[in-house]
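Novice: here is my input; please provide its structure:
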Amino acid sequence: MDIKNLIFELCSSGGVSGSEEPAIEIANKYLNNFAEVSTDRNGNLYAVLGNKDADKTILLDAHIDRIGFMVTDINSNGFVKVDKCGGIDVRVLQDSELVLQKNNNITGIVCCLPPHLSDGKEDKATPISKTWVDFGMPYDEVKKHIKIGDVLTYHSVPKELLNGRIAAPALDNRCSVAALIRCAEILSDYDNLKYKVVVLFSSQEETFGTGAKTGAYKTDADEAISVDVSFASQPDISGQYSKIELAKGPMICISPILNREMSDKLISIASDNKIPYQTEPISGLTGTNADHISVTKGGVKTSVVSIPQRYMHTTNEVIDIEDVENISKLIAEYIKCGGAFDD
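Specialist: I've put the predicted structure just below:
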């Protein structure tokens, strides 16, 4: 599997929270080669492999939705008003190119007031409440193509950088989706899996966590690993994330809401298999789907493993391909060893 091309394909698709179908279609295409795949009414995708009759189930979760925008108004001049659908960073929004999810041929530019006409406070980001998009069409033409409630995404092409790094929109969290597809491929060649393994590509993490909540309830797993991205070092970052580096391995989270036995087992497996890793101590909630999964039904033993990322929630998020491959290997080895069940 060419994991870089898989990530590029996933990042080039739509799939704003609540409208994940384009990304689900791509993931379905790949997972069908390794597992039994199904979907549900909330937009989740499930892939089942391993011993389907086992008493124990391990859930592997990665949210598949991406941040985006929803159309809320169209004025008489054809400018389109949008609101954020997920954690949009308004600092990088002005003059961005957006694309209509239902028609990739329709793109627009976020309106940006020239500094010559500003009030001298152009260093302040324009709030989303004052954000309009110019599609270059008059009102009558805009109404033919764009409806209230339509969703848009950033229009940016994935790029290969030097030193094994890539830049793309929606690497949060499509690189984690790619990692679990790769993990499924690795596990499909292993004939002695003791447990049922369910891969969940969950919807709506960027808005409400609906997919993880309902998906975890449906799966009723004994253990779960949630895969996401987290912060890597860059200029002006201080504290613990200033020590997290790209290409130095996945980040194994340690948190009160997570199962310490699982975190320790992941660290032990990484060490034994010479898989590089980094630790991410968080003293409260993790800000990932694990916060929902761990309290599902009577509780689920849960851990979080993350891919280091720079420039989160922008059009050019940056990761290293090596970290994606290593997180796939780590989780596959964890499952081959029986998770934390045998400890």
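
Novice: tell me which element the closest residue to Glu36 other than its chain neighbours falls in.
Specialist: Distance criterion Cβ to Cβ, 6 or more residues apart in numbering; nearest residue to Glu36, sequence neighbours excluded, is Val48 at 4.7 Å. Using the backbone N, CA and C atoms, a C-beta is placed for each residue, glycine as well. Using DSSP states H and E, Val48 sits in strand 45-50.

Novice: name the helices or strands packed onto that strand?
Specialist: Applying 3 or more Cβ pairs under 8 Å, 6 or more residues apart in numbering; DSSP states H and E, we find strand 45-50 packed against helix 21-31, strand 36-39, helix 171-188, strand 196-202, helix 210-219.

Novice: now the ones you listed as CSV including mean neighbour count, mean pLDDT and distance to Tyr334?
Specialist: Formatted as CSV, the helices and strands packed on strand 45-50 follow (neighbours: other Cβ atoms under 10 Å; pLDDT from 0 to 100; distance: least, Cβ to Cβ, whole Å):
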stretch, mean neighbour count, mean pLDDT, distance to Tyr334
helix 21-31, 19, 97, 19
strand 36-39, 14, 96, 21
helix 171-188, 26, 97, 10
strand 196-202, 27, 97, 11
helix 210-219, 22, 97, 17
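
Novice: could you pull out the helices for this structure?
Specialist: For the chain, the helices defined by DSSP state H occupy 3-11, 21-31, 139-145, 171-188, 210-219, 260-272, 290-293, 321-336.

Novice: how about these, which one is nearest Glu280?
Specialist: For these, the distance to Glu280 is smallest for helix 260-272, at 9.8 Å, taking Cβ to Cβ.

Novice: and the closest one, what's buried?
Specialist: By neighbour count with 16 or more other Cβ atoms under 10 Å, helix 260-272 contains the buried residues Met262, Ser263, Lys265, Leu266, Ile269, Ala270.

Novice: relative orientation of it and helix 321-336 in degrees?
Specialist: Helix 260-272 runs at 120 degrees relative to helix 321-336, counting by axes from the mean of the first three to the mean of the last three Cα atoms, to 10 degrees.

Novice: run the chain-centre distance for helix 260-272.
Specialist: 23 Å (Cα atoms, centre = their mean, to the nearest Å).

Novice: ok, so of the buried residues of helix 260-272, who is nearest Ser188?
Specialist: Using Cβ to Cβ, those come closest to Ser188 at Ile269, 19.5 Å.

Novice: which residue is nearest the centroid of the protein?
Specialist: Asn173 (1.5 Å; Cα atoms, centre = their mean).

Novice: surely it touches Asp61?
Specialist: No - the criterion here is Cβ atoms under 8 Å, and Asn173 misses it with Asp61 at 10.1 Å.

Novice: quickly list what's touching both of these two.
Specialist: By Cβ atoms under 8 Å, 6 or more residues apart in numbering, Asn173 and Asp61 have these common neighbours: Val227.

Novice: pLDDT weak spots in the stretch 101-250 of the chain?
Specialist: Applying pLDDT under 70 to the stretch 101-250 of the chain flags residues 120-123.

Novice: hang on, the earlier thing: now distance to Val300 too, for the helices of the chain, in CSV please.
Specialist: Converted to CSV, those look like this (distance: least, Cβ to Cβ, whole Å):
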stretch, distance to Val300
helix 3-11, 26
helix 21-31, 22
helix 139-145, 44
helix 171-188, 17
helix 210-219, 6
helix 260-272, 11
helix 290-293, 5
helix 321-336, 16
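
Novice: quick one: which of those helices is nearest Ser156?
Specialist: For Ser156, the closest of those is helix 3-11, at 8.6 Å, according to Cβ to Cβ.

Novice: which strands or helices does that closest one pack on?
Specialist: Counting contacts by 3+ Cβ pairs under 8 Å, 6+ apart, helix 3-11 packs against helix 21-31, strand 165-168, helix 171-188, helix 321-336.

Novice: quick one, the third one and helix 3-11 angle?
Specialist: Spelled out, it's helix 171-188. Put simply, helix 171-188 runs at 130 degrees to helix 3-11, going by the same axes, to 10 degrees.

Novice: just the CA trace of helix 171-188, in PDB.
Specialist: Extracted C-alpha coordinates of helix 171-188, given in PDB (Å, rounded to 0.1, in the frame of the first residue of the first chain):
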ATOM      1  CA  LEU A 171      -4.600  15.700   7.800                       C
ATOM      2  CA  ASP A 172      -6.600  16.100  11.000                       C
ATOM      3  CA  ASN A 173      -7.700  13.400  10.800                       C
ATOM      4  CA  ARG A 174      -7.300  11.700   7.500                       C
ATOM      5  CA  CYS A 175      -3.800  10.600   8.200                       C
ATOM      6  CA  SER A 176      -5.100   8.600  11.200                       C
ATOM      7  CA  VAL A 177      -7.700   7.100   8.900                       C
ATOM      8  CA  ALA A 178      -4.900   6.100   6.500                       C
ATOM      9  CA  ALA A 179      -3.000   4.600   9.500                       C
ATOM     10  CA  LEU A 180      -5.800   2.400  10.500                       C
ATOM     11  CA  ILE A 181      -6.400   1.200   6.900                       C
ATOM     12  CA  ARG A 182      -2.700   0.300   6.800                       C
ATOM     13  CA  CYS A 183      -3.100  -1.400  10.200                       C
ATOM     14  CA  ALA A 184      -6.000  -3.500   8.800                       C
ATOM     15  CA  GLU A 185      -3.800  -4.500   5.900                       C
ATOM     16  CA  ILE A 186      -1.100  -5.700   8.200                       C
ATOM     17  CA  LEU A 187      -3.600  -7.600  10.400                       C
ATOM     18  CA  SER A 188      -5.200  -9.200   7.300                       C
END
